[in-house]
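**Q** Okay, here's the prediction I keep looking at, along with the sequence it came from:
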Amino acid sequence: MPFNQEEIESLLPLPSATFHILMALADEDRHGYAVIQDIASRTDGKLQMSAGTLYRSIQRMQEQGLIIETRERPAPEEDDERRRYYRITAFGLAVAKAEAGRLTQMVKLARARGIAPERT
Amino acid sequence: MRLYKALLHLYPSSFRKEYEEELVHIFRERRMQMHNPVSIAGLWLSGFVDVVLNAAGAHWEILRQDLRYTTRTLLRAPVFTLTAIIVTGLGIGASTAAFSVTDRVLVRPLPFPNSDRLVQLWQRNPEFARFELSPPNFYDWRRLSTSFEALSAYTQAAWNFIGEGNPQRLEGTVVTPAFFKTLDVQPLLGRTFTEQDGIEGGAGTVVLSYEMWQSVFGGRSDVLSKTIHLDNSSYAVIGVMPMDFFFPARGGQLWKPLVLGDPPKDARDNYNLNGIGKLKPGVTIENARAEMTVIAGRLAREYPKENDKVTARVDPLDARLPDQTRMLLWASLGASFCVLLIACTNLANLLLAKAMARRKELTVRFAIGAGRERLIRQLLTESVLLAVVGGFTGILIATAVLPVLSAIITTKLPLSEPTVLDGRVLVFTGLVTFATGLVFGILPAWRACSGVNMDGLREGSRSGIGGRRERLRSILVIAEISLSIVLLVTAGLLTRALWRVQSIDPGFRPDSVLAIQISLPAYPYRYGLVSTRTAFYSEILSKVRALPGVSNAALISSLPMMPGGGIWPVAATGADTKGDIKTVGMRVVTLAYFDTMGIPIHSGRDFSESDTVDSPPVAVVSESFARQYWPNQDPLGRKFHFTLSNFPFAEQDRVVVGVVGDVRFRGLERRSEPQVYLSDKQLPDRMLMFYAPRELVIRTQVDSVALIPPIRQIIQGADPELPISAVRPMRDVVNVQTTPRSTQIALVTTFAILSLVLAGVGVHGLLSFTVGQRLPEFGLRIALGAQSREILSMILREGIVLASAGALCGLLLSYYAANAMRALLAGVSPIDPVTLGGSVIAVLGMSLSGSLLPAIRAIRTDPTKAMRMD
């Protein structure tokens, strides 16, 4: 589904917490604690997102339409019924891609100036 | 977990309700993974920081949203917004201005270290509650007392200063060397006085005020090597005081050491010193009073002639403000709070009306998930935002009115001008602003949201009509009316009191009299000789009298109603002097003074050319003097003398040659002693220079201002070195008496009119709202044949009921207010029927005019349209 480019641009650059949450939800629906754990494992434990930051981001991201709370539950053995699960929206995915593109562009610029390592 | 849950209350409740379980879950999961106490403590610490930071962030986000939303809605209703801001601004401005003056003068301690230990010392006797000290008494008090860390005396003085340019009259203070030590103040430059400076024959020294340092020496640092000339003597400048040091009063230019003498040579009944002292730490003012009473008693026994019945009085230094001024300030502050309350009530009413009109919108927001708390918060943001903008407007208003308000306080205080932009005042304004926004916003917000539910969305439901809510608004309007009655009554009573004071006969005719002060120097021998003075006076008086438009002119030692003059003890010759010593106001005059001032001569004669040093001493006395000594007898030819010891001039018998009307020389509202006038030509040479006439009074038939330049020329022609220090119409001298009153009345009247208009706006707002709600009902009534007259009287009746209820409460309140300020009323009754009646009529009239527009709208209702609304 094509999205209004202006709408996407208006959200960039994304706060890093938002970008991380989008990435955590990119492959599967997760509940809050799972998002935190995913981020920690992808960053080798360097980024320990706090619960407050997570849920304030989640609240805002829901308002912006980047994610939704999902009623579909995962496979019963993985399901923690008391938890609320979040899913990335198509718009969220588009915004995440735009942000990734923006970051790539930045790295390219840095390389051209010799302040970032060449691709190996 | 309970502690963590409690901590979560820092979040906005909407956020907490949504995510509480998730947050607790994450915290619990993490907690379960921790086993050693250090990491558990770390978890708690990070959890705490996380909640605090994110809660602040969440609140800020909501506030931003609310502010954006509020600004939009307010800009969409500019009339409402502007009204609310102006109303709040007036209230906050009035109270801020009144607070800054009251705070500066009444609340804040004097700007000296340990000012609670500073006291003022007076003498008192059965006749006068307080009067100045004589140098020997001060000397003995200082010698004998042990309660004080330091005790010093001062007296105000003035000198002719010839610097660069025209001769100038400088006012300053002569002080004992311990003066600065008593107040514990340090100079900005150089030093203050030491005991050496106060020794007779010592090198003359002066300490300059900051202002004089700036104006005369341009703030140059080499001022300490300079010498200045005052009345032909030179003085070395040894110090400069800081910019904010004003003692005993604003406007003093310099301080000069007082040479008291050891012991003093002055007479023990020559009262001319003000005493100040600093209590030793731990000594209470009661201790000091007890000690001083003992010392004064001892001196009264030692010097029965001069000190009979004289005792000591010790007051805190900050009590120097007259009670009347104190009360004027409190009354102004009270009045300003009334205006603030009325303004706030109006704001609450405006907000309530607006919130009620928005109930449908609120209901929709409630239906789509906004919590009630969130709605209240939104409405509160609106009221606080209005109050904050109103607060800024208020600061502007206060800055503008403060100079006017400052006129209530005399400059005779050691304080700088009050200012609005000062930390304490700004804190006060900030608190008032937020309190206004919160307290007066929460009620309407709560009321508007308390009934919000899904029913509100049903077809045909009317946006928020309910008896309870109208009752609340009615109560608010009644409160406004009551308060405006209080202000109207206060303003009315004070105005009547002012009229009463203004109608007091000062004893002379001040209109068309111009007073010019010539600064005869205290010492040069030229003017110490009566013959020189007489020649000088004759020259200027004859020339001034010859000016076109001048009907007469004369000189006197000091003007009525101005500080200075002299109070002398007196006794009728031959009468028993053992009784109470009577005192009189003593003035020295030239010929034609009584005629010039319009003081009636009841019997006998004015002084004449033949009353000289070589003829028997004569005096003109006031009626009350004659009555006191020779009741029911002819006073002419009777003799009296002054009972000043060791002073041959005073002890001479004086023959009464004339009796004149009494003059209120101490002021319109103060009791004055009887008066005795002496002729300047009968003063001894080189003595009593203080009493040499220097106030030139001129009765004119034309505009007196036009006469000032030629009179100035005449005086300069007679002696180019004599400065003219003050020129003022006598009418001004009398009016100054009532300036604090007039200022306060102008203020309270402004407040009262403001409150009346605000109350009218309140009535109008309430009735417009109810009429709007009841349009269908009126439509129905009209359709059923109701006459316009009936509907009109129905609405007006509502207005009258509100006004009457408010007036009744207001009258009760104003009775208490008027009683509290009885001392200001100059004898006007607190239940003065004219004032009370007038105030009630004003309020009824204003309420009726407030009801008129809504009533007209009601009778113009188109029945078909109105009934379709329902």
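**A** The structure has been received and is ready for your questions.

**Q** So which elements touch the lengthiest helix in chain B?
**A** Assignment by DSSP state H gives helix B:739-783 as the longest helix of chain B. Helices and strands touching helix B:739-783, by 3 or more Cβ pairs under 8 Å, 6 or more residues apart in numbering or on different chains; DSSP states H and E, are helix B:78-102, helix B:323-357, helix B:372-406, helix B:467-502, helix B:788-820, helix B:833-859, helix B:863-869. All C-beta atoms are positioned from the backbone trio N, CA, C, and that covers glycine.

**Q** Turn these into JSON lines, including mean neighbour count.
**A** Formatted as JSON lines, the helices and strands packed on helix B:739-783 follow (neighbours: other Cβ atoms under 10 Å in any protein chain shown):
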{"stretch": "helix B:78-102", "mean neighbour count": "23"}
{"stretch": "helix B:323-357", "mean neighbour count": "23"}
{"stretch": "helix B:372-406", "mean neighbour count": "20"}
{"stretch": "helix B:467-502", "mean neighbour count": "22"}
{"stretch": "helix B:788-820", "mean neighbour count": "18"}
{"stretch": "helix B:833-859", "mean neighbour count": "19"}
{"stretch": "helix B:863-869", "mean neighbour count": "13"}
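
**Q** To chain A, which of the ones you listed lies closest?
**A** Set against chain A and scored by Cβ to the nearest Cβ, those come closest in helix B:372-406, at 13.3 Å.

**Q** That closest one packs against which elements?
**A** Helix B:372-406 makes packing contacts with helix B:13-33, helix B:37-76, helix B:78-102, helix B:323-357, helix B:359-367, helix B:423-450, helix B:739-783 when contacts are defined by 3+ Cβ pairs under 8 Å, 6+ apart.

**Q** taking the mean pLDDT, what do you get for the biggest strand by length in chain B?
**A** Longest strand of chain B, by residue count under DSSP state E: strand B:148-161. Throughout strand B:148-161, pLDDT has a mean value of 87.

**Q** again, but for stretch B:627-642
**A** Across stretch B:627-642, pLDDT averages out at 88.

**Q** what about that stretch, start to end distance?
**A** 17 Å (Cα to Cα, to the nearest Å).

**Q** Over to stretch B:309-325?
**A** With Cα to Cα applied, stretch B:309-325 spans 30 Å between its terminal residues.

**Q** List the buried residues for it?
**A** Residues of stretch B:309-325 classed as buried by neighbour count (16 or more other Cβ atoms under 10 Å in any protein chain shown): B:310, B:311, B:312, B:313, B:314, B:317, B:318, B:320, B:325.

**Q** Go through those residues and name the one nearest chain A.
**A** Ranked by distance to chain A (Cβ to the nearest Cβ), those are led by residue B:318 at 53.1 Å.

**Q** okay but the closest one is in contact with residue B:109, surely?
**A** Yes. Counting by Cβ atoms under 8 Å, residue B:318 does reach residue B:109; the two are 6.8 Å apart.

**Q** so the longest helix of chain B versus helix B:78-102, what angle?
**A** 160 degrees (axes from the mean of the first three to the mean of the last three Cα atoms, to 10 degrees).

**Q** pLDDT of helix B:739-783, averaged?
**A** For helix B:739-783, mean pLDDT is 79.

**Q** pLDDT (mean, whole number) over stretch B:224-242?
**A** Taken as a whole, stretch B:224-242 has an average pLDDT of 87.

**Q** Residue B:695: neighbour count?
**A** Counted by other Cβ atoms under 10 Å in any protein chain shown, the residues lying close to residue B:695 total 21.

**Q** Touching, it and residue B:554? I think so.
**A** No. Residue B:695 is beyond contact range of residue B:554, at 9.3 Å (criterion: Cβ under 8 Å).

**Q** now the helices and strands packed on helix B:372-406 as JSON lines including distance to residue B:229?
**A** Below are the helices and strands packed on helix B:372-406 laid out as JSON lines (distance: least, Cβ to Cβ, whole Å):
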{"stretch": "helix B:13-33", "distance to residue B:229": "78"}
{"stretch": "helix B:37-76", "distance to residue B:229": "66"}
{"stretch": "helix B:78-102", "distance to residue B:229": "39"}
{"stretch": "helix B:323-357", "distance to residue B:229": "38"}
{"stretch": "helix B:359-367", "distance to residue B:229": "80"}
{"stretch": "helix B:423-450", "distance to residue B:229": "43"}
{"stretch": "helix B:739-783", "distance to residue B:229": "35"}
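
**Q** Please identify which of the ones you listed is closest to residue B:509.
**A** Closest to residue B:509 of these, according to Cβ to Cβ: helix B:739-783, at 20.3 Å.

**Q** and that closest one, how far from the chain's centre?
**A** 30 Å (Cα atoms, centre = their mean, to the nearest Å).

**Q** secondary structure class for residue B:588?
**A** Of the three states, residue B:588 takes strand under DSSP: H, G, I helix; E, B strand; the rest coil.

**Q** which other helices and strands contact the top helix by length along chain A?
**A** Looking across chain A with DSSP H, the single longest helix is helix A:90-112. On a contact count with 3+ Cβ pairs under 8 Å, 6+ apart, helix A:90-112 meets helix A:5-10, helix A:16-26.

**Q** So for it, mean pLDDT?
**A** The average pLDDT within helix A:90-112 is 93.

**Q** By proximity to chain A, which residue of chain B wins?
**A** Closest approach between chain B and chain A, counting by Cβ to the nearest Cβ: residue B:54, at 3.2 Å.

**Q** Around the residue lying closest to that residue once chain neighbours are set aside, how many other residues sit close by?
**A** Nearest in space to residue B:54, with sequence neighbours left out and distances taken as Cβ to Cβ, 6 or more residues apart in numbering or on different chains, is residue A:52 at 3.2 Å. Around residue A:52 there are 25 other residues, counting by other Cβ under 10 Å.

**Q** Mind checking the pLDDT average for the helix or strand where residue A:52 lies?
**A** In this assignment (DSSP states H and E), residue A:52 forms part of helix A:51-64. Averaged across helix A:51-64, pLDDT comes to 92.

**Q** Show the secondary-structure elements that it is packed against.
**A** Secondary-structure packing of helix A:51-64 (3+ Cβ pairs under 8 Å, 6+ apart): helix A:16-26, helix A:32-42, strand A:67-70, helix B:13-33, helix B:37-76.

**Q** What residues of that helix count as buried?
**A** Of the residues in helix A:51-64, A:51, A:52, A:53, A:54, A:55, A:56, A:57, A:58, A:59, A:60, A:61, A:64 count as buried by neighbour count, 16+ other Cβ under 10 Å.

**Q** Arrange those in CSV, one row each, with distance to residue B:247 as further columns.
**A** CSV is the format used below for the buried residues of helix A:51-64 (distance: Cβ to Cβ, whole Å):
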residue, distance to residue B:247
A:51, 63
A:52, 58
A:53, 60
A:54, 65
A:55, 63
A:56, 59
A:57, 64
A:58, 67
A:59, 63
A:60, 62
A:61, 67
A:64, 67
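
**Q** For the longest helix of chain A, what is the distance to the chain centroid?
**A** With Cα atoms, centre = their mean, you get 13 Å for helix A:90-112.
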